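A.B. asks: What follows is a predicted structure for the sequence shown.
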Amino acid sequence: MDHLDAVQISLHRIFEAALQEQLNELAKFDNRTTFIYTLYSFGVNLKTRVKNSVTRAAPEATTQEQTSLMETAPVWLVKWLTTSSGAQSDEFDLSTPYIDFLRNNLAVMRENIKMDEFVLEILKDWYDSIVSTLLKWTNERLQVQLDIVQLNTVNSLLKKAYKSFLMENLKVTELETGDLKVLRSRLEAEEKGANRLGKGNLVTEGVADSDEEDEI
């Protein structure tokens, strides 16, 4: 085994271990009860109703009168009404730690490794490992409906990893693997299941959602 092979194996183990740690955290949401969904949906819908009520203009109200209502409301109420409705809440997508790890390491390799063919080989191996690991993880849960946090996080990991590696000059033909197609099909089925259970409003990272505005 030469030096480059040793480096590639070492990097593969590090990258795989980091993703596994992320998935270990995600596994904590296995078999979670539906109480949280009921509570969360109630909170989102209630917020929408209250905000509409507060900001709805009475026929005779002036703009100044409409504004003053918000200005005189309790601080906690204003904060609750002016924050996100929850549709893009991070509490339902835990992908950030691993995506930050991935992008930081891509930047380091781009800056410090000048052997293009070697880098591309590492990147292809890393990408394939991510997809196969996510597929294996979801296959271990074929008999159950994924938790919304799990669904959003796996979708987000997959989409953002795909885009990151595409930006690092991996070709689409290299990214569109058989494992990827199987995983996408599984996630699409999970989204349909979430919709049937009335949890579609909590799906923040759909398979087909555009991520063009996602920062790299």
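C.D. replies: Received, thanks.
A.B. asks: got the contact list for the residue nearest to residue 165 when sequence neighbours are not counted?
C.D. replies: Once flanking residues are discounted, residue 165 sits nearest to residue 127: 4.7 Å by CB to CB, 6 or more residues apart in numbering. Every residue, glycine included, has its C-beta placed from N, CA and C. Applying CB atoms under 8 Å, 6 or more residues apart in numbering to residue 127 gives the contacts 161-162, 165, 170, 174-175.
A.B. asks: now these in CSV, with secondary structure, pLDDT and neighbour count?
C.D. replies: Formatted as CSV, the contacts of residue 127 follow (DSSP: H, G, I helix; E, B strand; the rest coil; pLDDT from 0 to 100; neighbours: other CB atoms under 10 Å):
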residue, secondary structure, pLDDT, neighbour count
161, helix, 95, 22
162, helix, 95, 19
165, helix, 95, 22
170, coil, 93, 17
174, helix, 95, 15
175, helix, 95, 17
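A.B. asks: right, and out of those, which lies closest to residue 107?
C.D. replies: residue 165 (13.1 Å; CB to CB).
A.B. asks: now that closest one: how far from residue 126?
C.D. replies: Separation of residue 165 from residue 126 (CB to CB, to the nearest Å): 8 Å.
A.B. asks: Check which helices and strands the host helix or strand of residue 100 sits against.
C.D. replies: According to DSSP states H and E, residue 100 maps onto helix 96-112. When contacts are defined as 3 or more CB pairs under 8 Å, 6 or more residues apart in numbering; DSSP states H and E, helix 96-112 packs onto helix 3-26, helix 116-139, helix 148-167.
A.B. asks: angle of the shortest one against helix 116-139?
C.D. replies: Right, the one you point to is helix 148-167. Computed with axes from the mean of the first three to the mean of the last three CA atoms, to 10 degrees, the direction of helix 148-167 lies at 160 degrees from that of helix 116-139.
A.B. asks: Between which two of the contacts of residue 127 is the distance greatest?
C.D. replies: So for the contacts of residue 127, where distance means CB to CB, the most widely separated pair is 161 and 174, at 13.1 Å.
A.B. asks: so residue 197 makes contact with residue 145?
C.D. replies: Yes. Between residue 197 and residue 145 there is a contact at 7.2 Å, judged by CB atoms under 8 Å.
A.B. asks: More neighbours: the two, which one.
C.D. replies: Higher neighbour count among residue 197 and residue 145: residue 145, with 16 against 12, using other CB atoms under 10 Å.
A.B. asks: Next, that one: secondary structure please.
C.D. replies: coil (DSSP: H, G, I helix; E, B strand; the rest coil).
A.B. asks: correct me, but it touches residue 190?
C.D. replies: Yes. Contact criterion CB under 8 Å: residue 145 and residue 190 qualify, at 7.0 Å.
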